[in-house]
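>>> Whatever this is, show me its structure:
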Amino acid sequence: MRLRPLRPRADPPAAPQRAGLSGPARLDKRTKNLVKRLKAGDVAVIDHLDIDRVAAETLVERAPVVVVNAAQSISGRYPNAGPAVLVEAGIPLLDAVGPAVFELAEGAQVEVDPDGVVRLDGVEVASGEWLQPEDVRKRMDAAKDNLATALEDFTLNTLSYVRRDRDLLLEGLEVPTLRTRLRDRHVLVVVRGHDYKKDLSTLRGYIQEFRPALIGVDGGADALLEVGLKPDLILGDMDSVTNEALTSGAEIVVHAYPDGRAPGKERVEALGLEPLILPGAGTSEDMAMLLAYESDCDLIVAVGSHASMVEFLDKGRPGMASTFLTRLKVGPKLVDAKGVNRLYRQGVRRTDLLFLVVAALAAMLVISLVSEPVRLVWSDLFELLQVFFNQVRSLFV
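Numbering: from 1, shown residues only. Next up is the predicted model:
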């Protein structure tokens, strides 16, 4: 048996090197504030521990050239989906660069090199680790192992606050006198949560038919404007709604702390508007549902609302006592439309369209066979076509 000469084993191809990324830096420790001024091609600098899905989706919409996170994008406490959304959208994510990155000036032209070093005029400012899709998957899998502990802590925190917030369930809410009529109407409560755009699009037929009162919870008011709908009422602490929404003509209700303090009131009054005040211990979306319920509405339809443990952990809340109590109270009138786009999709199926065309042709054929006037029309048309073709043929003979 002849032995073939040994050949040196080829090394595996080297991983492609990430090109240097550069652009003007936009910095904010609150991601929802940053995205208001973030533009395509900017370097987004955030300080967001456990990037949540909604924040990531908003960043993707703004199309920054790179996202630089001072904090850990996945700490392992629970499986947050934000980093996966970013990397799957093709947006590079530099992780855990540290607080020094916030020494950069707004708008400074920075470069992030392939080694994960953030440079200003060639000088290193901060450095971190590039998160690749495989890294995100591994960290997500590891975080899932901690889900049972997170669920136990979350449940205990929820139960510990139920007694404190029980008045939301047992006592009626003191509703301010509204200009917007909610009594005996459907009320659509819109929160800027996961898939809110798709759900709003799917509900267009319902909105056109029932004309519900539209309540935007903070940024939910902008969500309504984005799809061409004008909110009737805006409720929240006014930290994530734009001035355009506030000045759209909607009635404004500022969600205040139980002791009456309302930090968002000053912002609204600075625009020359006079808001109503609604104190309450729950979240703003809870207060919107309770307001509609206490105003004796007919039905509450919630879009983009938060109802799962992961969603509450995304928002930095260790429990969901107020939401649990609120949903117990308004339950008979509440329809949660979250994810309705996956249950029902509007549009015409190809088979339905083909059936419609065939049915129309069949109807035309039947009419042609049984209707004397139509047969005469077809006969005249056929004769005209014969005369036309005879004339054309005579030109070439």
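>>> Dig out what residue 124 forms beta bridges with.
residue 119 (DSSP bridges).
>>> That one - how many residues pack around it?
Counted by other C-beta atoms under 10 Å, the residues lying close to residue 124 total 12. Yep, even glycine has a C-beta here, placed from its N, CA and C like the rest.
>>> would you list every one of the strands in the stretch 101-250 of the chain?
Listed in chain order, the strands of the stretch 101-250 of the chain (DSSP state E, counting those that start in this stretch) span 109-112, 117-120, 123-127, 129-130, 186-191, 213-217, 233-236.
>>> quick one: the helix or strand where residue 325 lies to chain centroid distance?
Taking DSSP states H and E as the definition, one finds residue 325 inside helix 321-330. For helix 321-330, the separation from the chain centroid amounts to 23 Å (computed by C-alpha atoms, centre = their mean, to the nearest Å).
>>> Any idea which of the strands of the stretch 101-250 of the chain gets closest to residue 98?
Proximity to residue 98 (C-beta to C-beta) singles out strand 123-127 among these, at 5.5 Å.
>>> Give the buried residues for the closest one.
Within strand 123-127, the residues that qualify as buried by neighbour count (16 or more other C-beta atoms under 10 Å) are 125, 126, 127.
>>> before we move on, what about stretch 226-244?
229, 231, 232, 233, 234, 235, 236, 237, 238, 240, 241.
>>> From what I see, residue 290 and residue 330 are in contact.
Yes: the criterion here is C-beta atoms under 8 Å, and residue 290 meets it with residue 330 at 6.8 Å.
>>> neighbour-wise, which of the two wins?
Shown here are residue 290 and residue 330; by other C-beta under 10 Å, residue 290 has more neighbours (24 against 19).
>>> ok, that one to residue 261 distance?
19 Å (C-beta to C-beta, to the nearest Å).
>>> Same question for residue 144.
Applying C-beta to C-beta to residue 144 and residue 261 gives a distance of 39 Å.
>>> And the two? Which one has more around it.
Neighbours were counted for residue 144 and for residue 261 using other C-beta under 10 Å; residue 144 has more, 13 against 10.
>>> what sits against the more buried one?
By C-beta atoms under 8 Å, 6 or more residues apart in numbering, the contact set of residue 144 is residue 79.
>>> again, only this time at 10 Å
Shown in contact with residue 144 (C-beta atoms under 10 Å, 6 or more residues apart in numbering): 76, 78, 79, 150.
>>> which among those residues end up buried?
78, 79, 150.
>>> Pick the one among those closest to residue 22.
Using C-beta to C-beta, these come closest to residue 22 at residue 79, 32.5 Å.
>>> was I right about residue 285 contacting residue 326?
Yes: between residue 285 and residue 326 there is a contact under C-beta atoms under 10 Å: 8.5 Å.
>>> who has more neighbours, the two?
residue 285 (28 against 25).
>>> so that one sits in a strand?
No: under DSSP: H, G, I helix; E, B strand; the rest coil, residue 285 falls outside any strand and is assigned helix.
>>> So what's the predicted local confidence for it?
Listed pLDDT for residue 285 reads 92.
>>> what sits against it?
189-193, 215, 217-218, 220, 235-236, 255, 302, 304-307, 322-323, 326 are the contacts of residue 285 under C-beta under 10 Å, 6+ apart.
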